[in-house]
Structure formats: C-alpha cells, structure tokens
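J.: whatever this is, show me its structure:
(chains A and B)
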Amino acid sequence: MAEHEEQHREDRLRRLLQSAALPDPPSGLRGRVLGSLPPRAAQRWAWRLAPLAATAALLAVIWRPSAPLPTVAPADLRAGGYVQQHALAGVADPLADATALHLLGTLELRATVAHQAEWQ
Amino acid sequence: MSGRRWALVALVALLLSGAWLAAQHRAQQRAERWLTFARQAAQQTDYYGRQRSSVEVAGHRQEALVDFDRRGDGQTRLAYRSGALAGTLVVGAGLKQWRWDPTLGRTVQGVALADPLAALPAGRWRAQSGVVLAGRPTVLLRSAGRPARQLWIDRASGVVLRSMATGPDLVTCTEFETFALGRRPGVSFEPPHRDTWVLNEAVDVSECSRRCGFAVRLPTWLPTGWRLLGSSCYHCPCGCGMVAAQLRYGDGQRAISVFQQDRRYVGCVISASCCEQGAAAGSCVARRHAGLPLVARVDRQPVVVALGDLPEATLARIADSVP
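T.: Modelled structure (predicted):
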C-alpha cells in the first residue's frame, strides 16, 4: 500500500514537472543582470537597486560636462616671459602674496633674458 | 520598517542636513567678513616689517628676507635683503611697479592688473582660529581650491601676516617675522629710475590692438564666474619690437592670463621645437612652467598663449575660443 502511494506521488510529480513551462528570461541589460541571480534574489535586489540607479543617473545629468574639453599635446613650451608677467600682474591684489610673486617674476625675467639668444 | 519609522528617519535626516547647511553658511559669512576686513586694512593701514618669503617649484626652493613697507594709499616698497634677489628694490604705486634688479643692472617698469574690487571672495573660504605670528593673534582662512590658499589675518588690524599657496608643483609662502603698524622712519617710495626698461603698460583692449598691429579679440568662452580684470601691452625684452596683448581674468580666488602676439615673433617667446610641434599638431600644446600650466595655440595668427590657475584642458578651451 505504501509502495503504491509512493509510486503514485512520483508519477504525479513527474507529470507536473513535464507540464510546467519555464518562464521567458528577461531581455536586455535587465535580463543579463537579473538572469544571473536566483529569481527570488533578483526580485529583492531589483527593488533595492532601482533608487540607487535613478540617483546615479540624476547626478550624471547634473554634473555632465557642458562640452568636451580638448586634449593638449605636451611640448617644449618655454614662455618664461609670459609666466613672469602673469605672476607680477597679480601683486596689486591685497590678498595676493606680492613678495613671493615678485620673487618668482624677477627670477623668471632673469631666466628669460639669459636664454633669449638661445631660443631664437 | 513601518511607514512611521521611515518618516521619522527622513525627518531626522532633514533636520541634520539643515543644521549642517546653516553651520556652513555661518562659517562662510564669517570668512567673508574677515576677507573684507583684510582688503580694507590693505587699503587704509600703514604698516611695515621684515618678511621671510619662499618659492618652491618642482623641488627647487628659493628663499629671501625682505623689508616690506605698505601705505594705506596703495604704495608698496620691498627691499630684498638675502637670497637670489638680494639688492633688488621694488616700488609699486597704483597700476605701476618698478623693480631695480642689480643682476640685470636695470630698472624694469611693469604693471599690476588685478582689480581688488573684482577679486571678491568666491565663497569657498572657511575661517578658524590661527597661530600667533610676530607676537599677534591671527585668524586662519582656508580655501579648498587649486591652488589651495591659506591666509593668517591679524585679528586687531586685518593685515595678512602669513600667506601660503599650495599648487600641484608650486608652493609659495610669505610671513612677517617682525611687524609694526605705522610708517618706518626714513623710507623713500621714490621709484628707482636707473636705465628704466618699460616691459608692460596697462592700456585698454582697443589701444592694445593699435599697438600690437592686429585686432586683439577676447575669448568667447570662460568658466562660470570668471571675468576680465584688465589688459596691458607686453614689450619683448630682447629688443625685437614685438608687442603682445595681455588679458588678465580672475574668479576672485584664481587668475589666468591670455596673451596674443604676432606669429612673426613667436620664436622670441616660445621655443622653436614647440612651434613646429604645435603647428604640426593643429591643436593646443602645453607644458607646466614654474609650476603653472601653460597652453599655446601656435598655428594661427595671432598666436594665443593662456596660463594660470586652471587645468591645461580648460586653458586650451579658452585659447580655442578666441575668434
């Protein structure tokens, strides 16, 4: 009797397994991300990650660069005369470090004068 | 967690954020009051003392002792007593400055373009208690920009007693070792006039165009908050006759200069290899010089050179925006 009931239960289970169609896997990025997780975990994490993804997207929109910045090639650019003038032009600001700017500017001018012949 | 608990958590977070924002606003207002006090002190107070100043560029350090005198009417006198500049005398008045350089054996006349009224604080300063300098208690102001700046301001007079700027490879620091209010007896503010060499003159942009021989054009793009502080004409010191336009911009904390010059004279200022490389690349070329980013567009007339307290890519965008 017990054997009969056991057989009956196995048959019923086999029929159930054969008849149950598997659900279609989710498509796209969501499918690739969630498809790799067990169904229950996917459901749980999808809800938790949604606000995080929305915040990240919002921040990316807010802080996006207004236009792409150009790239510049390094070069042997020795415009010491211009560095000197830039440093010295700032000394009128009462909060600028005038003494250090004069030090920097004067040294740059000496270097410019010393190397001028070499550059030309 | 129930809805009521979530609401409670949100309320606490909101209150904490509000308290933090209010504290930040108060700290910023306090810093701005000290900055205003310091600017007023520089324009109204007579003071003098001995300063120790240092410049460190890419591991190379220069240090100098300087006798410093400042008068409330804007006159400044710096007499370098030690270091590489020993014997150098600098006198400044308004937009002009004269420097007697014993090494060059000449007086160099230059220009100061920064307009103090334009240099308003950019809202990134914070105030805290500072150390005692030259026997006087100070307030320390910090700005987190690049370069990061620190100012130690005398609580009583508002004079900046120590100033420090720290950039990626340029560090400058100047500090009063001795300090007194009033005028040092027997000091002359007469500009040194031996073999004067006019290197730079403050003129407006249209006069710059006339002197340079080409139309000086302003950049059409600048980062938010930046504006023109002044313009001048730079005369090449080699005697070739080249005149370049200098446009100075600032945001209240940082400054850049945009130079424009005739391409015929490019070799006077920029190395030949750089000119060839820049012309071949058809884009901006860059290098740090004396700790400052420097960018040039050499394949156009006039040549544009931009340098100062901004990253290379931003300077290149400014240079490229010159019509």
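J.: ok, residue B:148 touching residue B:141?
T.: No: taking contacts as C-beta atoms under 8 Å, residue B:148 lies outside contact range of residue B:141: 11.5 Å. Yep, even glycine has a C-beta here, placed from its N, CA and C like the rest.
J.: which element is residue B:51 on?
T.: Residue B:51 belongs to strand B:47-57 when assigned by DSSP states H and E.
J.: list the neighbouring strands of that strand plus their orientation.
T.: strand B:60-70 (antiparallel), strand B:170-181 (antiparallel) (DSSP bridges).
J.: put together a markdown table for those strands, with mean neighbour count on each row.
T.: Listed next are these as a markdown table, based on neighbours: other C-beta atoms under 10 Å in any protein chain shown:
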| stretch | mean neighbour count |
| --- | --- |
| strand B:60-70 | 18 |
| strand B:170-181 | 19 |
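J.: who has more neighbours out of residue B:148 and residue B:141?
T.: residue B:141 (24 against 13; other C-beta atoms under 10 Å in any protein chain shown).
J.: would you say the more buried one is within a strand?
T.: Yes: per DSSP: H, G, I helix; E, B strand; the rest coil, residue B:141 lies within a strand segment.
J.: what's the helix or strand for the closest residue to it other than its chain neighbours?
T.: In space, residue B:141 comes closest to residue B:151 once its chain neighbours are excluded; the distance is 4.6 Å by C-beta to C-beta, 6 or more residues apart in numbering or on different chains. If you go by DSSP H and E, residue B:151 is part of strand B:148-154.
J.: what sits up against that strand?
T.: Strand B:148-154 has contacts (C-beta atoms under 8 Å, 6 or more residues apart in numbering or on different chains) with A:95, B:34, B:37-38, B:41, B:130-131, B:133, B:136-143, B:159-167, B:175, B:179, B:253.
J.: in it, what's buried?
T.: For strand B:148-154, the neighbour count (16 or more other C-beta atoms under 10 Å in any protein chain shown) marks B:149, B:150, B:151, B:152, B:153, B:154 as buried.
J.: do the same with stretch B:160-167
T.: B:160, B:161, B:162, B:163, B:164, B:165, B:167.
J.: can it be said to contact chain A?
T.: Yes: Stretch B:160-167 reaches chain A (C-beta under 8 Å from any C-beta of the partner chain) through B:160, B:163, B:164, B:165.
J.: so which of those comes closest to chain A?
T.: Closest to chain A out of the residues of stretch B:160-167 next to chain A is residue B:163 (4.1 Å), distances taken as C-beta to the nearest C-beta.
J.: just list the residues touching the closest one, thanks.
T.: Here residue B:163 is in contact with A:95, A:96, A:97, A:100, B:149, B:150, B:151, B:152, B:172, B:173, B:174, B:175 (C-beta under 8 Å, 6+ apart).
J.: which phi and psi does the residue nearest to residue B:310 when sequence neighbours are not counted have?
T.: Spatial nearest neighbour of residue B:310, excluding adjacent residues (C-beta to C-beta, 6+ apart): residue B:256 at 5.6 Å. When read as degrees, to the nearest 10, the backbone of residue B:256 gives phi -130, psi 160.
J.: so who does the spatially most central residue of chain B touch?
T.: Centroid-nearest residue in chain B: residue B:255, 5.6 Å away (criterion: C-alpha atoms, centre = their mean). Neighbour list for residue B:255: A:86, A:89, A:90, B:114, B:229, B:248, B:249, B:308, B:309 [criterion: C-beta under 8 Å, 6+ apart].
J.: for residue B:240, which non-adjacent residue is closest in space?
T.: If the residues on either side of it in the chain are set aside, residue B:240 comes closest to residue B:268, at 5.4 Å by C-beta to C-beta, 6+ apart.
J.: can you tell me the element that neighbour falls in?
T.: Per DSSP H and E: helix B:266-269 holds residue B:268.
J.: and the helix or strand following that helix, anywhere near chain A?
T.: Where DSSP H and E defines the elements, the next helix or strand beyond helix B:266-269 is helix B:272-281. Yes: Helix B:272-281 lies within reach of chain A by C-beta under 8 Å from any C-beta, at B:272, B:273, B:274, B:277, B:278, B:281.
J.: how far off centre is helix B:272-281?
T.: Distance, stretch centre to chain centre, for helix B:272-281: 29 Å (C-alpha atoms, centre = their mean, to the nearest Å).
J.: for that helix, packing partners?
T.: When contacts are defined as 3 or more C-beta pairs under 8 Å, 6 or more residues apart in numbering or on different chains; DSSP states H and E, helix B:272-281 sits against strand A:73-74, strand B:285-289, strand B:292-297.
J.: lowest mean pLDDT among the helices and strands, pick that one out for the chain.
T.: Let's take chain A. Here the helix or strand of chain A ranked lowest by mean pLDDT, DSSP states H and E is helix A:28-34, holding a mean of 59.
J.: oops, I was thinking of chain B
T.: helix B:272-281 (a mean of 72).
J.: ok, residues contacting that helix?
T.: With contact meaning C-beta under 8 Å, 6+ apart, helix B:272-281 is reached by A:73, A:75-78, A:119, B:266-267, B:284-285, B:287, B:296-299.
J.: let me know the closest of the residues you listed to residue B:71.
T.: residue A:78 (37.7 Å; C-beta to C-beta).
J.: is that closest one in contact with residue B:289, as I believe?
T.: Yes: using C-beta under 8 Å, residue A:78 is in contact with residue B:289, at 6.8 Å.
J.: look up the residues forming beta bridges with residue B:175.
T.: Taking DSSP bridges as the rule, residue B:175 bridges to residue B:52, residue B:162.
J.: OK, contacts around it?
T.: Contacts for residue B:175 (C-beta under 8 Å, 6+ apart) come out as B:51, B:52, B:53, B:133, B:152, B:161, B:162, B:163.
J.: give the contact list for the first one.
T.: By C-beta under 8 Å, 6+ apart, the contact list for residue B:51 reads A:99, B:65, B:66, B:67, B:68, B:174, B:175, B:176, B:177.
J.: no further queries at this time; thank you.
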